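Asker: need a structure here:
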Amino acid sequence: MSEKEAKETKVDDLSSSDVQGKYKKAAEIANGAIKLVMDATKPGAKIVELCEMGDKYILDETAKIYNVKKGGAKVEKGIGFPTCVSVNNIVGHCSPVSGDAAEIKEGDVVKIDLGVALDGYVAVAAHTVVVNNGAVITGRVADAMQAALVAADCALKMLKPGNKNSQVTDIIGKVAEDFKVTPVAGVLSHNMTRFVIDGPKVIINKPDVDQKVEEVTFEPNQVWAIDMVFSTGDGKPRASEERTTILKRALQTTYSLKIAASRTVLSEINKRFPTFPFAVRSLETKNARFGLKECLDHELLAPYPMLMEKDGETVVHFKFTALITPSGTVKISGLNVDPKLVVQSEHKVTNQEVLDVLKTSSKKQDKKKKKKTDKKDAAPAEATQE
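Answerer: As a prediction, this is how the structure comes out:
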């Protein structure tokens, strides 16, 4: 086989051990970035500096690997989704521009969300931390956290060939009912492929008459970004009045820009951020914000607006990347809950369907052996309850 033929037949799904390795390395870096930002999330910390810290970690760690060119090809690597630090009732996409003065305060509920890309393969992760100096988490925040963690565990165990996305949505709703909280409307878990973080196959967290999704069946070798976002309120977010700071190049759209500043900033975006979302603060072009307006007006860029729940409500967010492999479904990114963390919810899982799912394993059962429940896998991925 010639070199050209080899390139044309290159496998870019999980049937390739090389692809699995890249996903897992990206996940390792994503987890490290989340942990770094989480440890720095303390009263007085500036939100923009936390975001910059996460992005720098990703860039520094990806710069250390895949530096040897194979066949003259350069491996693209870096940020798959810019670091976001969203507080309390902010649902997500909070990644301020440099100089922003907003700070973390005692008692804040902070969501850290980011992604890492290696050769087009992306691992994403999100984690929620309560800034309370390690105190017991109680009340409605505890309810939302437990619901999100249990729902995430259920989703992982249901990501098996033959199961359907609608089954996961149904279980998420049952978990929410048990903990008396609400899945946030509009949140989708996406399948991911090379250079695509928001594939067409999705799991919707909350059924919506205005947002229909096609029923899909999970298949071997799929990669999924599982997003669990729960609210103590009605779960109907609105766009913030704050300027959108996360954008993505809309490759399907073309337009001949009239303003020089617009052409300059688009040229930078095409060169540095051709595929994945980026934070406005990462642009090097002078007067970039001025040039972005014409790009947005003509839909050359897709915005990720910051979303808000009602004042006084709290949103929690956990996200992980999962690989559906021949040996079972594997969670590769997304931090486990600190075993020292104590979350005291007044509620618990009572729905029998949810309890049945929690007893299952994400690992593939060997039909030749007596079926046994893997105790470690069967336990809900939730914080200690007292």
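Asker: ranges for the strands of the stretch 201-350 of the chain?
Answerer: 202-204, 223-231, 238-239, 246-249, 278-279, 301-303, 307-308, 315-325, 328-331, 343-344 (DSSP state E, counting those that start in this stretch).
Asker: Which strands or helices does the second one pack on?
Answerer: Using 3 or more C-beta pairs under 8 Å, 6 or more residues apart in numbering; DSSP states H and E as the contact test, the elements touching strand 223-231 are strand 90-92, strand 121-130, helix 139-158, strand 182-183, strand 188-192, strand 315-325. All C-beta spots, glycine's among them, are computed from the backbone N, C-alpha and C.
Asker: per the record, what domains does the chain have?
Answerer: 12-239+309-362, 246-303 (automatic domain parsing).
Asker: gap between the two ends of the last one?
Answerer: The separation between the terminal residues of domain 246-303, taken as C-alpha to C-alpha, to the nearest Å, is 6 Å.
Asker: Centre of the chain to that domain, how far?
Answerer: Taking the mean of its C-alpha atoms, domain 246-303 sits 23 Å from the chain's own mean (C-alpha atoms, centre = their mean, to the nearest Å).
Asker: surely S262 meets R289?
Answerer: No: applying C-beta atoms under 8 Å as the test, S262 and R289 come out as separate, 11.1 Å apart.
Asker: Tell me which of these two has more neighbours.
Answerer: S262 (24 against 14; other C-beta atoms under 10 Å).
Asker: Pretty sure I112 is one of the things G334 touches, is it not?
Answerer: No: in this structure, G334 is not within contact of I112 by C-beta under 8 Å, at 11.1 Å.
Asker: can I get the helices and strands packed on strand 223-231 in TSV with mean pLDDT, distance to K105 and mean neighbour count?
Answerer: Putting the helices and strands packed on strand 223-231 into TSV (pLDDT from 0 to 100; distance: least, C-beta to C-beta, whole Å; neighbours: other C-beta atoms under 10 Å) gives the following:
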stretch	mean pLDDT	distance to K105	mean neighbour count
strand 90-92	97	13	24
strand 121-130	97	12	26
helix 139-158	97	15	25
strand 182-183	97	25	24
strand 188-192	97	31	21
strand 315-325	97	16	25
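Asker: Any chance of those in a markdown table with distance to K24 as columns?
Answerer: Shown next, in a markdown table, are those (distance: least, C-beta to C-beta, whole Å):
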| stretch | distance to K24 |
| --- | --- |
| strand 90-92 | 25 |
| strand 121-130 | 8 |
| helix 139-158 | 16 |
| strand 182-183 | 29 |
| strand 188-192 | 14 |
| strand 315-325 | 8 |
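Asker: Among those, single out whichever gets nearest to L50.
Answerer: Within the helices and strands packed on strand 223-231, the stretch nearest L50 is strand 121-130; the backing value is 11.0 Å (C-beta to C-beta).
Asker: and that closest one, what other elements does it pack with?
Answerer: By 3+ C-beta pairs under 8 Å, 6+ apart, strand 121-130 packs against helix 17-40, strand 77-87, strand 109-118, helix 139-158, strand 223-231, strand 315-325.
Asker: what number of residues lie near E28?
Answerer: 15.
Asker: And for E214?
Answerer: So E214, with other C-beta under 10 Å, has 9 neighbours.
Asker: For it, give its distance to N165.
Answerer: 8 Å (C-beta to C-beta, to the nearest Å).
Asker: who touches both of those two?
Answerer: Common neighbours of E214 and N165 (criterion: C-beta atoms under 8 Å, 6 or more residues apart in numbering): K201.
Asker: Isn't V175 up against N351?
Answerer: Yes: applying C-beta under 8 Å as the test, V175 and N351 come out as touching, 7.5 Å apart.
Asker: Look at those two and report which has more neighbours.
Answerer: Comparing V175 with N351 by other C-beta under 10 Å, the one with more neighbours is V175, at 29 against 14.
Asker: Would you mind giving both backbone torsions of that one?
Answerer: phi -60, psi -40 (degrees, to the nearest 10).
Asker: I'd assumed V141 was in contact with V130.
Answerer: Yes: the criterion here is C-beta under 8 Å, and V130 meets it with V141 at 6.5 Å.
Asker: what is in contact with the two at once?
Answerer: V109.
Asker: Report how many residues lie close to K364.
Answerer: Neighbour tally, K364, other C-beta under 10 Å: 13.
Asker: do the same with T275
Answerer: With other C-beta under 10 Å as criterion, T275 counts 17.
Asker: Tell me which residues touch it, please.
Answerer: Counting by C-beta under 8 Å, 6+ apart, the residues that T275 touches are E76, A117, G120, F195, R249.
Asker: most surrounded residue in these?
Answerer: A117 leads the contacts of T275 on contacts (other C-beta under 10 Å) with 26 neighbours.
Asker: With adjacent residues omitted, what lies nearest to it?
Answerer: Computed as C-beta to C-beta, 6 or more residues apart in numbering, the closest residue to A117 that is not its neighbour in sequence is G80, at 3.7 Å.
Asker: One more: M38?
Answerer: V129 (5.2 Å).
Asker: hang on, isn't T264 packed against F290?
Answerer: No: using C-beta under 8 Å, T264 is not in contact with F290; the gap is 10.2 Å.
Asker: Between those two, which is the more surrounded one?
Answerer: Remark: of T264 and F290, T264 carries more neighbours, 16 against 13, as counted by other C-beta under 10 Å.
Asker: Good, we can wrap up now.
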